[in-house]
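[1] Have a look at this fold, sequence not included:
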Ligand code: NAD
């Protein structure tokens, strides 16, 4: 479906105690990557507005924290119904601001809804636990909210990434402060309005716009107890250091440079589709995209399939746009630099034409670089575009040793028909998420999401079971009601 780009400029303010409030520290335009047209104007809160919003969130959390889990969950059920009802409209909006296709916009929301469904199940699966530990004495776990928590999200998934944490953190009883990407803030309007309509009490979701200044004010406030972040490694590190220096818990997901190992015994069709779709999906702007292809032995027929599928992508139809003109120019120059470093261009995205009437958009076609040299930019740096760098390897041992040198560790996939080879990659690749004949190995709920190395700072994962301890505390309660006459050593 063609993305419906908003005809009117959307005003995007800050969501404070359930109302939309104009930011007093300036405003900036939101430009659609599709056609370069202004589609929104976002206002940024002043320092005083940030402080007062956090105070209101803190006040609202007191009652919410005392509300039984089952009651909080009912709000989330209603939230889910609204998201499903508004799915198409939201998909158009998020695609318009992020450059995704309509189908990608919808898929991101569906994944977010899957996380929400996991949060709905907490009322049944996360019951704590109680045990009589000695005569007349019992111990109990009780999960408690932290209070006000904050999350900072990137441009590339304006709904899915915030939805990784909003349902879980709210269901656990926290007040949630969200700083959306300064490039794609418009989707936050729909999410905040949906939660309001679902009956979330005012103050429990706060949306504050801006950039580093807003983020730093949020982190520095003593009201904020935990900080989640998803974005580039450079900023993830800054946010992690700032929050942890203040004694706060922080979980900061960073960038990636995902490697795919391609073995000669792989099914060429499966590999062609899986690898091409991985590096072209979301125009390569996702932290799980394939970026380096470690081609082991003679895999030329597989590479032909990858090129064939990538070549068939139609910009504006099944492949989206690059977020900004600056980023598109960077990618074009990076392709030139790879060529000058000795890479052979099997498919040149610079030659792709913009869709009709969208010449002012940021378009770049799929690009396949062969014979990329180790240590060059195309091998080692996260480019964040529809570019795959092929490195030829003599055997699996060499491929794994190259993967192991990556500073990042989000995902690594292998395409093979050999269980033993697949198991070797699963064991030896330094990555948090492994794919076997899967190009984008995003774990589906209830399995949690998270990388290692420079792709993640902090402990635990951002979704699923491994996120629960991040967004809550676990109290341990030990109880005795009567004096015991046996030799019980608990006083
Ligand atoms: P970014 O780091 O530029 O921005 C992320 C967020 O940080 C935005 O909200 C932005 O406004 C804010 N920000 C920017 N500069 C800041 C600063 N100096 N101090 C505090 N906050 C600041 O990332 P992006 O370009 O929006 O997103 C793309 C990046 O995100 C890629 O590197 C991608 O790999 C990564 N990403 C990672 C994951 C993951 O789970 N590991 C998921 C999605 C995206």
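    Looks like it arrived, so ask away. Here the structure is a predicted model, which is why all the values come from computation and not from measurement. Numbers count the residues shown, from 1 in each chain.

[2] The most centrally placed residue in the chain: which element?
    Nearest to the centroid of the C-alpha atoms of the chain, with distances taken as Cα atoms, centre = their mean, sits residue 161, at 3.9 Å. In this assignment (DSSP states H and E), residue 161 forms part of helix 160-171.

[3] cool, residue 295 as well?
    With DSSP H and E as the criterion, residue 295 is inside strand 290-296.

[4] still on that earlier bit, which helices and strands sit right next to the helix holding residue 161?
    On a contact count with 3 or more Cβ pairs under 8 Å, 6 or more residues apart in numbering; DSSP states H and E, helix 160-171 meets helix 69-85, helix 102-125, strand 148-152, strand 175-179, helix 187-197, strand 224-230, helix 465-468. From N, CA and C alone the C-beta is placed, and that goes for glycine too.

[5] OK, contacts around residue 421?
    Residue 421 makes contact with 263, 265, 396, 414, according to Cβ atoms under 8 Å, 6 or more residues apart in numbering.

[6] oh, I was asking about residue 394
    Applying Cβ under 8 Å, 6+ apart, the residues contacting residue 394 are 296, 297.

[7] For it, give its distance to the ligand.
    As judged by Cβ to the nearest ligand atom, to the nearest Å, residue 394 and the ligand stand 30 Å apart.

[8] cool, and residue 215?
    4 Å.

[9] Up against the ligand, what does the stretch 351-491 of the chain have?
    Residues of the stretch 351-491 of the chain lying close to the ligand (Cβ under 6 Å from any ligand atom) are 382, 384, 410, 451, 455.

[10] For this structure, list the residues in contact with the ligand, please.
    Counting by Cβ under 6 Å from any ligand atom, the chain comes close to the ligand at 152-157, 161, 179, 181-182, 211-212, 215, 230-232, 235, 238-239, 253-256, 287, 382, 384, 410, 451, 455.

[11] Separate out the buried members of the residues you listed.
    Listed as buried from these are 152-157, 161, 179, 181-182, 215, 230-232, 235, 238-239, 253-256, 287, 382, 384, 410, 451, 455; burial here means 16 or more other Cβ atoms under 10 Å.

[12] Am I right that residue 415 is in contact with residue 437?
    Yes: the pair residue 415 / residue 437 is scored as a contact, 5.5 Å apart, by Cβ atoms under 8 Å.

[13] quick one: contacts of the helix holding residue 161?
    With Cβ under 8 Å, 6+ apart as the test, helix 160-171 has contacts from 69, 72-73, 75-76, 79, 108-109, 111-113, 115-116, 118-120, 122, 149, 151, 153-154, 176, 178, 180, 188, 191, 195, 200, 204-205, 228, 230, 449, 462-463, 467-468, 471.

[14] what's the distance between the nearest residue to residue 342 once chain neighbours are set aside and residue 428?
    Nearest residue to residue 342 in three dimensions, chain neighbours excluded: residue 373, at 5.4 Å (Cβ to Cβ, 6 or more residues apart in numbering). Using Cβ to Cβ, to the nearest Å, residue 373 is found at 23 Å from residue 428.

[15] and what of residue 17?
    Distance from residue 17 to residue 428, by Cβ to Cβ: 51 Å.
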